[in-house]
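A.B. asks: attaching a predicted model along with its sequence, questions to come.
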Amino acid sequence: MPISRWIILLGLALVPSFGQVYFVHVATLALIYCVFALGLQVLTGYAGQLSLGQAAFFGVGAYVSALLAIDLHLPFWVSAPVAAAIAALLGACLAPLTRLRGHYLAVATLGFGEIVYLVLVNWADITRGPFGVLNIPPPAVGGVVLGTPHQYYYLALAVAVASYVLVARLSDDGSRFGRGLRAIRQNELAAVAVGVSPLRYKVQAFVLSAALAGLAGSLFAHFVGYINPTEFRLDTSILVLLMIVVGGLGRTGGAVLGALLLVFASEYLRFLKEYRMLVYGLGLIACMMFLPGGLSQAVTALAEAGRAVRSWIERYRPGAAVYPRGKAGI
Amino acid sequence: MRNPIVTRRACLGLLSGLAVSVAAGCAPTSSAPGGGGQGAASTTVKVGVLASLTGDGAGYGQYMVEGLRLKMESPETVAQLGGTKVELVVEDDAGKPEQAVSAATKLVNQDNVAVLVGSVFSPTTMATQAVTNKARVPQITPSSTAAAITQQGNNWIFRVALPDTILGTDLARFVANDLRLKRVGFMYVNDDFGKGGYDAFATEAKRLNVEIVAAEAYGRGDKDFTAQLSWIKAANPDVFVQWSRYAEAALISQQAKQLGYTVPMLGSDAHAAPKFLELAGQSAEGSYYVGHWSISADWSESTAFVERYRARYSRDPDQYSAQGYTAAEILVDALKRAQSGDRAKLRDAIAATRGLKTPMGTMEFNGQGDLVYPTFMVKIVSGKDTPARKA
Amino acid sequence: MLAEQLLGGFAIGCVYSLIALGYTMLIRAIGLVNFAQGEVMMVGALIGWTLLTSFPLPYPLVLVLAMALTALLGVLIDRLVYRPVQRRGAPTMNVIITTIGVSIALRNAAQLIWGSEPLRYPTVFATEPIAIGGLTVAPQNVSILLVGLAFMGLLQLFFQRTRTGLAMRAAAQDPDMARMMGVGVDRMVTYTYAISAALGAAGGVLLAPIFFASFDMGYIGVKSFAAATIGGLGNVPGAMVGGIVLGVVETLGAAFISSAYKDALGYGIMIALLLFVPSGLFVRAQRRS
């Protein structure tokens, strides 16, 4: 693994020691959204399926985990995976929708998201309806309750890193799943022609993105301690979509970058007060205009520049053998 | 594929990083109380304010903060507090619980506020009270009406508005005892506010043998209510009650009249907003509402407050302004008595509020953080609030 | 009661249709899903309010002016934002995201300029209930219906009978061929933006006297998108019918099935239609026109 990733990991692990409570709180939230965004990256970035209903899985994951913890007194280690599994099941229910493409799929998933929201609001016997679920207990690790942001951070970090590794493995050409998704995204007909079944891969992508969203949802519920149906609507689906686009569509790191950026921006741009959301919208437009590959594009460009500088230095250090590489240089 | 050695190194790196930070990060977080008067000549007490300043609740948040500022920044208050200077730190929660929690975390930990005034909506207040409870910071919500807020066994939460249980119950009693009507058509917004009011009304109505012949819900932000209104009309009620925020309430009033409703129309405290009258126009004439406060209140604290509000902001206050102002009065009174910016002392001082005269009435907290004062029952006559009966 | 409901459904359906038309025109002309369409309507309504309250202008004139000004805004946004993004060959998703950014920016700019509270238009339509043969009919529903249908009729006329309208259809159908025939495709695209913005503004100015003008009225754009989909994205007559279908289904569903799940019914039908009739209900109609 390149040394840069090492450094990033170490840096992330050390955040709580240097960060104030508020900073760590925001960082934890950012990591939770990383998990959420990574899921959507698989679905939209790799498989090219635009979904505007991811908040439904996020919400279902949050509710299932919260209710299992409160009503059945199950520990987090049981309620979270169950939440992710149920969200995944819900994702599988969208299988019929995989026939749709482009705008139609977007609208259908949007409709699905709104329907799930309405169920959360109205099925009050189970979900407590519009009043939301209060006093969600934080998880406990061997007797230590993860009650402060400093403690919860590690849980979120562990889950985020694990999700990243999983999604990264599925993305590159080393994985059949990743290749299949890429094929479908680029040309569905051609994919069928070479024997890739779009239906199977799309459903799997939906299921995986739903599972990750559900897992993120359960982390969210136990972190914030209170959930309410209004947090799981179109706004949130759009937010996570923005994260992967701004971060860089199709690149694993893009989901992480986007999540970190958008969560931190929405908190640390508070000084803008009522102009904050306006700056947000304008910033998004500017990003699309000047940096369409998202932040990953900028990062890659920087890395490229770094590499170019390094080899340039290499060539001219004393004692180095200089091999002519043509007039163009590097 | 992945180099297994590299992956192992990654795990090792992560573990060592974790070990280092666990050691360092396990230190208890500091939470020095804001200000700190130990008889110092001049101290600054930071007051955190959390309100929905953006998003669709922005109007309420704005009014609330205006009311708060009117009291906090007035020359009399400054004089009353003597050496203690109050600094307001205002944060926006956009009406979203998650943002509210982040903002509250910031106010409590980074800005080190001594007390938090907020939030506007019930979900945001419910979410933030866990934060202030854990950090042992007193929190006063001016306007959240969900009953559950003061039922969590939390000593640090206080509320200015009346809970929806009281409002809904009073309205039901008014229908039964004053209007003497028996068949109610009810319409409410499908969120915590609407449902809370409906549940309270329905419970009391049942007790008083008032029948709810039709109950319809709608989503927040809906504009057309023909479906629900026709259905209710077909059930032939002799009174129509709605629990909506002012914009939808105005629309519903208008559309009901357009569909030929002639029965008395009643509403929630949202109808106290001057905007409701402006938007509903003629359709609100003769309608009733139950509220925490009305601009028609005739005692001196209220009329003085209305005058000063008009002078400073060039428009009439609504109940959110009154609630913000009253919260500020409680706070100032507590600060004077506590003589300190210490969080625990302030909490105790707030809880001990007695006989405080405010625009909303004479205030005293019950053991649970709620204030006890009578509701207003208002009838709108010739475009003005008039008392229908003081409950 | 059924007749009242139907009329109400038709009326709100007309509202959806007017905005859906804006979506549809843009999709047809440039394949762009403009998520900011709802916000364009909102800006039109607010501009109308400013005109009405600052100057002693009659309502019809305000309608026209608001349409013109909003059309200008639409063209500006196209030139300044959408074209540069598309020129760089950005994937469709990025373009959709840009429109989302525009919608966020417009919404918040409007909130900063016009404030957070709903704004009242002076009374334009009658308010007393109309009694027709034993039925009570809300006059606002009648007004929306009449004006909405009038606009849709005008639009159809424009596309079928005027040179510009035909040129726009040609440019949408096959830009290269149209160019070869001498149609200024670029200009047609500009016209499309202008007209779709003007339609949005018309919707806004028509709605505002009834539903109040406020910075968050754009949310209705989401449902109108569903309406446009029901009719078949890119299908202009389809958008009109799709809106009415959605309105009627919603209203009847709210009345007879469940008012709490009103939106769910609409979206559910939309999804069902999408699954079984993927290109909308009116494919044949499109081929004919």
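C.D. replies: Ah, there it is.

A.B. asks: the helix or strand hosting C:Gly238 close to chain B?
C.D. replies: Take DSSP states H and E as the rule and C:Gly238 turns out to sit in helix C:236-256. Yes: part of helix C:236-256 sits near chain B under the criterion CB under 8 Å from any CB of the partner chain, namely C:250-255. Where you see a C-beta, it was placed from the backbone N, CA and C, and this is true even at glycine.

A.B. asks: may I ask which of these has the most neighbours?
C.D. replies: For these, neighbours were counted using other CB atoms under 10 Å in any protein chain shown, and C:Ala254 has the most, 31 neighbours in all.

A.B. asks: how about the residues of the stretch 101-250 of chain B near chain A?
C.D. replies: B:101-103, B:105-106, B:109-110, B:123, B:126-127, B:130, B:134, B:146, B:148, B:152, B:190-192, B:194-196, B:219.

A.B. asks: do that again at 7 Å, thanks
C.D. replies: The stretch 101-250 of chain B has residues B:101-102, B:105-106, B:109-110, B:123, B:126-127, B:130, B:146, B:148, B:152, B:190-192, B:195 near chain A, with proximity defined as CB under 7 Å from any CB of the partner chain.

A.B. asks: then chain C?
C.D. replies: Chain C has residues C:33, C:81, C:84-85, C:88, C:90, C:93-94, C:97-98, C:100-102, C:104-105, C:108-109, C:112, C:222, C:225-226, C:229, C:233, C:260-261, C:263-264, C:267-268, C:270-271, C:274-275, C:278 near chain A, with proximity defined as CB under 7 Å from any CB.

A.B. asks: show me the residues you listed that map onto helices.
C.D. replies: C:84-85, C:93-94, C:97-98, C:100-102, C:104-105, C:108-109, C:112, C:222, C:225-226, C:229, C:263-264, C:267-268, C:270-271, C:274-275 (DSSP state H).

A.B. asks: buried ones among those?
C.D. replies: The neighbour-count test (16 or more other CB atoms under 10 Å in any protein chain shown) marks C:84-85, C:93-94, C:97-98, C:100-102, C:104-105, C:108-109, C:222, C:225-226, C:229, C:263-264, C:267-268, C:270-271, C:274 as buried among those.

A.B. asks: show the pLDDT at the residue in the stretch 1-150 of chain C positioned nearest to chain B.
C.D. replies: Each residue of the stretch 1-150 of chain C has a distance to chain B, by CB to the nearest CB, and the smallest belongs to C:Gly8, at 2.8 Å. Predicted confidence (pLDDT) at C:Gly8: the value is 80.

A.B. asks: distance check, it against B:Ser119.
C.D. replies: As judged by CB to CB, to the nearest Å, C:Gly8 and B:Ser119 stand 36 Å apart.

A.B. asks: give me the nearest residue to B:Asp56, chain neighbours excluded.
C.D. replies: Setting aside the residues directly before and after it, B:Asp56 is nearest to C:Asp216 in space (CB to CB, 6 or more residues apart in numbering or on different chains), at 4.9 Å.

A.B. asks: ok, that neighbour touching B:Gly57?
C.D. replies: No: taking contacts as CB atoms under 7 Å, C:Asp216 lies outside contact range of B:Gly57: 10.2 Å.

A.B. asks: which of those two has more neighbours?
C.D. replies: Of the pair C:Asp216 and B:Gly57, B:Gly57 is the one with more neighbours under other CB under 10 Å, namely 22 against 19.

A.B. asks: three-state assignment of B:Thr44?
C.D. replies: The local conformation at B:Thr44, judged by DSSP: H, G, I helix; E, B strand; the rest coil, is strand.

A.B. asks: walking through chain C, point out its strands one by one.
C.D. replies: Using DSSP state E, the strands of chain C run over C:130-132, C:135-137.

A.B. asks: the stretch 201-350 of chain B now?
C.D. replies: Assignment of strands within the stretch 201-350 of chain B using DSSP state E, counting those that start in this stretch yields the ranges B:211-218, B:239-243, B:265-267, B:288-291.

A.B. asks: switch the ones you listed over to CSV; also include mean pLDDT and mean neighbour count.
C.D. replies: Listed next are the strands of the stretch 201-350 of chain B as CSV, based on pLDDT from 0 to 100; neighbours: other CB atoms under 10 Å in any protein chain shown:
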stretch, mean pLDDT, mean neighbour count
strand B:211-218, 93, 20
strand B:239-243, 96, 26
strand B:265-267, 95, 28
strand B:288-291, 92, 27
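
A.B. asks: so for chain C, which of those strands sits nearest?
C.D. replies: Of all the strands of the stretch 201-350 of chain B, the one in closest proximity to chain C, counting by CB to the nearest CB, is strand B:211-218 (4.5 Å).

A.B. asks: what is the neighbour count of residue 256?
C.D. replies: Unless you meant another one, I'm taking chain A. A count of nearby residues for A:Val256, using other CB under 10 Å, gives 31.

A.B. asks: you looked at the wrong chain, it should be chain C
C.D. replies: 13.

A.B. asks: how about A:Phe264?
C.D. replies: Close neighbours of A:Phe264, defined as other CB under 10 Å, add up to 15.

A.B. asks: isn't it right up against A:Val26?
C.D. replies: Yes: with the criterion set as CB under 7 Å, A:Phe264 and A:Val26 qualify as a contacting pair; they are 6.2 Å apart.

A.B. asks: can you tell me what sits against the helix holding C:Gly238?
C.D. replies: Residues external to helix C:236-256 that are found in contact with it (CB atoms under 7 Å, 6 or more residues apart in numbering or on different chains): B:226-228, B:230-231, C:5-6, C:8-10, C:12-14, C:16-17, C:20-21, C:24-25, C:28, C:152, C:159, C:223-224, C:226-228, C:230-232, C:262, C:265-266, C:269, C:280-282, C:285-286, C:289.

A.B. asks: distance of whatever residue of the stretch 51-200 of chain B ends up closest to chain C from A:Gly281?
C.D. replies: Among the residues of the stretch 51-200 of chain B, B:Ala58 lies nearest to chain C; the distance is 3.6 Å by CB to the nearest CB. Using CB to CB, B:Ala58 is found at 16 Å from A:Gly281.

A.B. asks: list the contacts for the residue of the stretch 51-200 of chain A found nearest chain C?
C.D. replies: Using CB to the nearest CB, the closest approach of the stretch 51-200 of chain A to chain C is made by A:Gly111 at 3.3 Å. The contact partners of A:Gly111, by CB under 7 Å, 6+ apart, come to C:226, C:267, C:270-271.

A.B. asks: if we use 6 Å, what do you get?
C.D. replies: A:Gly111 sits next to C:267, C:270-271 when contact means CB atoms under 6 Å, 6 or more residues apart in numbering or on different chains.

A.B. asks: tell me the angle the helix or strand hosting it makes with strand B:211-218.
C.D. replies: Counting by DSSP H and E, the element that carries A:Gly111 is helix A:102-122. Taking axes from the mean of the first three to the mean of the last three CA atoms, to 10 degrees, one finds helix A:102-122 and strand B:211-218 inclined to each other by 150 degrees.

A.B. asks: list the contacts of C:Leu206.
C.D. replies: The neighbours of C:Leu206, taking CB under 6 Å, 6+ apart as the test, are C:Val147.

A.B. asks: B:Asp333: how many residues sit nearby?
C.D. replies: B:Asp333 sits with 21 neighbouring residues when counted by other CB under 10 Å.
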